[in-house]
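Asks: structure, please.
(chains A and B)
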Protein chains: 2
Amino acid sequence: MIKEEIIRSLTVPTDSKIILLVLDGIGDIPYLNQQTALETAHIPNLDNLAAQSVCGLTDPVSPGITPGSGPAHLSLFGYDPIKYQIGRGVLEALGIGMELTPDDLACRGNFATINEAGLITDRRAGRLATEVNEKICRMMQDKIAEIEGVKVIIAPGKEHRFVVVFRGKGLEEGLTDADPQKVGEKIKFTEPLSSAAEKSARIINKFITLATEVLKESYPANTVLLRGFAKHPGLPLMSELFKLNPAAIATYPMYKGLAKLVGMKVLPCGETIEDEFEVLQKNYLHYDFFYLHIKKTDSYGEDGNFEEKVKIVEEVDKFIPEILNLDPDVLVVTGDHSTPASLKGHSWHPNPFMLKSKYIRIDEVKKFTENECVKGGLGRFPATDALSLMLANALKMKKFGA
Amino acid sequence: MIKEEIIRSLTVPTDSKIILLVLDGIGDIPYLNQQTALETAHIPNLDNLAAQSVCGLTDPVSPGITPGSGPAHLSLFGYDPIKYQIGRGVLEALGIGMELTPDDLACRGNFATINEAGLITDRRAGRLATEVNEKICRMMQDKIAEIEGVKVIIAPGKEHRFVVVFRGKGLEEGLTDADPQKVGEKIKFTEPLSSAAEKSARIINKFITLATEVLKESYPANTVLLRGFAKHPGLPLMSELFKLNPAAIATYPMYKGLAKLVGMKVLPCGETIEDEFEVLQKNYLHYDFFYLHIKKTDSYGEDGNFEEKVKIVEEVDKFIPEILNLDPDVLVVTGDHSTPASLKGHSWHPNPFMLKSKYIRIDEVKKFTENECVKGGLGRFPATDALSLMLANALKMKKFGA
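Replies: As a prediction, this is how the structure comes out:
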């Protein structure tokens, strides 16, 4: 009996409410000014909350491992990110807002250029304009709606990127990338890694041939390279595992998609942080678990824009009293992973974490920063345990063993 | 090779001595007075010991999971409580002081009431008096000594509760509860979950029929409901795994039973804390590992009696110099799980832990409290690692790998 099964066997539905506020990529390392974003920001409400919380640091996957958004979020949602790996194609599809079903096999596509000899001369077709991409995708979709009864759904991304979803019975993953990864070679067809994926391979390869046909006159985008073939992961739902009735409030497609994968109801929401907190207030009575996602701390971290990252934290800080007015049984504020502006990308550093409930040992941490959370009562722990802690503090878990 | 096998391969017998003092349920959260029991208690000796120890916090099973006494103790004894789950029937049997052998299948019983139509009208037979229970159990035992060569052992518990142990070859667990769990239904027979348990099911169901026969005139206790069928878990012994010659000093049957399951010698002992420390002194030369269990910190926690919980800690404090006079190579003081008086039950909060030996890095912790142990040199760690730490500090473990 693994830990997931034990937790599933212990959880009970109750009326208590949990709010999980995720500041994406909030964790930081000292920037030029020698402070992290949290240390630099003026965040009296978050600091005050830290003083009433039990704090700690979480590892999304394992110390030293830099997670992508998929595994980092799965951990926070209580899923082992090593057991449940979400394929690249699925994440790309979610990232551009596509809906996926358990019958779907998704992949990431590049438009690319081949010369008359059929050799690749540019793997990104000159990074064509997004509008051109959209036009070509429509054209392909018009000509290729179905292959062997499998529905083909094509959606444009930015520049040369697009996503293909193959929807039908009997599609399995376990396929090599249809992408030689270098110029000067011929386009490549996918190969099944087991007989279960033979049907998928046949359909994908027909698609590549058909698409190259259709694109003949669309130089420089005259062929496609496909990779990251992945099925909808079919994760157990939070309602099954944790007996929760969960809702997600997010502005970016990727996070809405991840929330849907674990069975959260994605609440319609505007684009701003204010919109998100308004949606929380309006829907507070109808769910018992709220995942509220703030994207821009991560985006500015990725851009290397330390000052704007600080401003986003300060903006979020203003809404903390509104959350506290709702008087949730459990409130957690944390990040999914770190995105230091000085690294311009995700990093492996553990996330500051604070939890407020009636049943905690309030610790001595008075500020919501990485180095204060080190001293917190929760210590350093795997992010996969965060959800159990929330459930425990909401009195949603029975005792294990007699 | 799992960790247990590695530890088994590294342990060596030595003359060094380990004392593990467990204050059951000692971990707390702030009570009305805003302090935990350890923070409130006047415990100069425990605080002084903390100042000479390395401290930390342990999770019995996993953060957020509230353990029963079984898994909480197994962890402290160095056993993975998820791998080794002790069934309810076995714990009930241990809890009333029954001896179990590897051939035993145990279950928890309720006396219940059925009406003339054979429908259950009371699942607890009006919570009959314990003396009546004892009388009825004797009557059943007289009439039902054996079924198909399997010995039937019946022992009364409190009120409507009793335990049945079926002792014989070929009994397997994996059986549904013989208890419909609600009134208005007929009594239920057990069903085997696999063919291996068919013999067990047949014998149990014969017992239910025979018992209902015998109880015909014993209204309101005129039938039995049985559940939690479980076999003696057959745990590897501490002598095999850890090369220890361990002894247990405890006053409650459950803990003596758990100690026996892992192969400890249970030393005869009176009822008081003073008795327990006296037994420790008298037997100190004869064993190399002592588990000394203080029950009442937990009992008062369960009762919500904060003041008495504090007093028990203060009483234990007075015996610390006696332990130190024995000069054990390793002394650990900790809890098995938390039992906050304000929750009136076990909880998920990690346990304060301190270890004294010649080979530690003494940390800055000067008081034995939950929030001081947070700052300890051991950090937060799984309770299953506690035994390895004790063995290491007693120089009872070889190097792993060359």
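
Asks: any idea how far chain B is from the residue lying closest to A:Pro253 once chain neighbours are set aside?
Replies: In space, and not counting its chain neighbours, A:Pro253 is closest to A:Gly97: 3.6 Å by CB to CB, 6 or more residues apart in numbering or on different chains. The C-beta positions use only the backbone N, C-alpha and C, and glycine is treated the same way. Separation of A:Gly97 from chain B (CB to the nearest CB, to the nearest Å): 33 Å.

Asks: so who does A:Gly97 touch?
Replies: A:253, A:256-257 (CB atoms under 8 Å, 6 or more residues apart in numbering or on different chains).

Asks: and if you look at A:Leu225?
Replies: Contacts of A:Leu225 (CB under 8 Å, 6+ apart): A:109-110, A:112, A:120, A:123, A:178-180, A:187-188.

Asks: wait, isn't A:Thr121 in contact with A:Thr113?
Replies: Yes: counting by CB atoms under 8 Å, A:Thr121 does reach A:Thr113; the two are 4.9 Å apart.

Asks: more neighbours: which of the two?
Replies: More crowded of A:Thr121 and A:Thr113, by other CB atoms under 10 Å in any protein chain shown: A:Thr113, with 22 against 15.

Asks: contacting residues for the more buried one?
Replies: A:120-122, A:125-126, A:219-223.

Asks: ok so, going back, list only buried entries from the contacts of A:Gly97.
Replies: Among the contacts of A:Gly97, those classed as buried by 16 or more other CB atoms under 10 Å in any protein chain shown are A:256-257.

Asks: A:Cys55: which of the contacts of A:Gly97 is nearest?
Replies: A:Lys256 (28.8 Å; CB to CB).

Asks: what's the closest non-adjacent residue to the closest one?
Replies: A:Val266 is the one closest to A:Lys256 (CB to CB, 6+ apart), at 4.7 Å.

Asks: my guess is the one you found meets A:Ala259, correct?
Replies: Yes: using CB under 8 Å, A:Val266 is in contact with A:Ala259, at 5.5 Å.

Asks: tell me, what's touching those two both at once?
Replies: By CB under 8 Å, 6+ apart, the residues touching both A:Val266 and A:Ala259 are A:248, A:250.

Asks: so which residues on the stretch 301-402 of chain A come close to chain B?
Replies: Applying CB under 8 Å from any CB of the partner chain, one finds that the stretch 301-402 of chain A approaches chain B through A:359-364, A:375-381, A:385, A:387-393, A:397-402.

Asks: next step: those restricted to helices.
Replies: Counting by DSSP state H, the part of those found in helices is A:387-393.

Asks: quick one: low-confidence ranges for chain A?
Replies: In the predicted model, chain A carries pLDDT under 70 at residues A:1.

Asks: measure how far the top strand by length along chain A is from the centre of its chain, please.
Replies: For chain A, the strand with the greatest residue count under DSSP state E is strand A:104-114. Distance of strand A:104-114 from the chain centroid (CA atoms, centre = their mean, to the nearest Å) equals 21 Å.

Asks: can you check stretch A:25-43 too?
Replies: Taking mean C-alpha positions (CA atoms, centre = their mean), stretch A:25-43 and its chain are 23 Å apart.

Asks: ok, residues contacting it?
Replies: A:46, A:297-298, A:301-302, A:306, A:309-311, A:313-314, A:317, A:334-343, A:346-347, A:349-352, A:368-371.

Asks: list the buried ones in stretch A:2-20?
Replies: A:4, A:6-7, A:10-11, A:16-20.

Asks: just these: which are in helices?
Replies: Reading helices off the buried residues of stretch A:2-20 with DSSP H, I get A:4, A:6-7, A:10.

Asks: A:Pro81: which of the residues you listed is nearest?
Replies: Nearest member of these to A:Pro81, counting by CB to CB, is A:Glu4, at 12.3 Å.

Asks: which residue is the nearest non-sequential neighbour of A:Ile114?
Replies: A:Thr223 (4.9 Å).

Asks: look up how far chain B lies from the one you found.
Replies: 50 Å.

Asks: spell out which residues of the stretch 101-250 of chain A are next to chain B.
Replies: Counting by CB under 8 Å from any CB, the stretch 101-250 of chain A has no residue next to chain B.

Asks: in the stretch 101-250 of chain A, what residue lies closest to chain B?
Replies: Proximity of the stretch 101-250 of chain A to chain B (CB to the nearest CB) peaks at A:Phe242, 11.1 Å away.

Asks: next secondary structure after the lengthiest helix in chain A?
Replies: Ordering each helix of chain A by length in residues (DSSP H) puts helix A:306-326 first. Going down the chain from helix A:306-326, the next helix or strand is strand A:330-334, by DSSP states H and E.

Asks: please tell me how far the residue of chain A found nearest chain B sits from A:Ile2.
Replies: Nearest to chain B, among the residues of chain A, is A:Ser388, at 3.0 Å (CB to the nearest CB). From A:Ser388 across to A:Ile2, the span is 13 Å (CB to CB, to the nearest Å).

Asks: picking that back up, wait, doesn't the residue of chain A closest to chain B sit right on B:Asp59?
Replies: No: counting by CB under 8 Å, A:Ser388 does not reach B:Asp59; the two are 10.3 Å apart.

Asks: could you check how many residues crowd around A:His286?
Replies: By other CB under 10 Å, the burial measure for A:His286, its neighbour count, is 11.

Asks: leaving out the residues flanking it, which one is nearest to it?
Replies: A:Ala247 (7.4 Å).

Asks: A:Val266 and A:Ala259: which has the busier surroundings?
Replies: More crowded of A:Val266 and A:Ala259, by other CB under 10 Å: A:Ala259, with 24 against 17.

Asks: and the more buried one, helix, strand or coil?
Replies: Under DSSP: H, G, I helix; E, B strand; the rest coil, A:Ala259 falls in the helix class.

Asks: OK, contacts around it?
Replies: A:Ala259 neighbours (CB under 8 Å, 6+ apart): A:246, A:248, A:250, A:266, A:291.

Asks: quick one on the thing from earlier: filter the contacts of A:Thr113 down to the ones in strands?
Replies: A:120-122, A:223.

Asks: okay, these in CSV with distance to A:Pro67 next?
Replies: As requested, the ones in strands among the contacts of A:Thr113 are exported to CSV (distance: CB to CB, whole Å):
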residue, distance to A:Pro67
A:Ile120, 32
A:Thr121, 35
A:Asp122, 32
A:Thr223, 33
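
Asks: between the residues you listed, which is nearest B:Leu237?
Replies: For these, the nearest to B:Leu237 is A:Ile120 (65.8 Å; CB to CB).

Asks: who are the contact partners of that closest one?
Replies: Applying CB under 8 Å, 6+ apart, the residues near A:Ile120 are A:112-114, A:180, A:182-187, A:223, A:225.

Asks: in PyMOL, select just the buried ones from those residues.
Replies: Selection of buried members from the contacts of A:Ile120 for PyMOL, criterion 16+ other CB under 10 Å:
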select buried, chain A and resi 112+113+114+180+187+223+225
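
Asks: okay, the contacts of A:Ile120 in a markdown table with distance to A:Ala145 next?
Replies: Formatted as a markdown table, these follow (distance: CB to CB, whole Å):
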| residue | distance to A:Ala145 |
| --- | --- |
| A:Ala112 | 23 |
| A:Thr113 | 26 |
| A:Ile114 | 24 |
| A:Pro180 | 28 |
| A:Lys182 | 32 |
| A:Val183 | 31 |
| A:Gly184 | 34 |
| A:Glu185 | 30 |
| A:Lys186 | 27 |
| A:Ile187 | 22 |
| A:Thr223 | 20 |
| A:Leu225 | 22 |
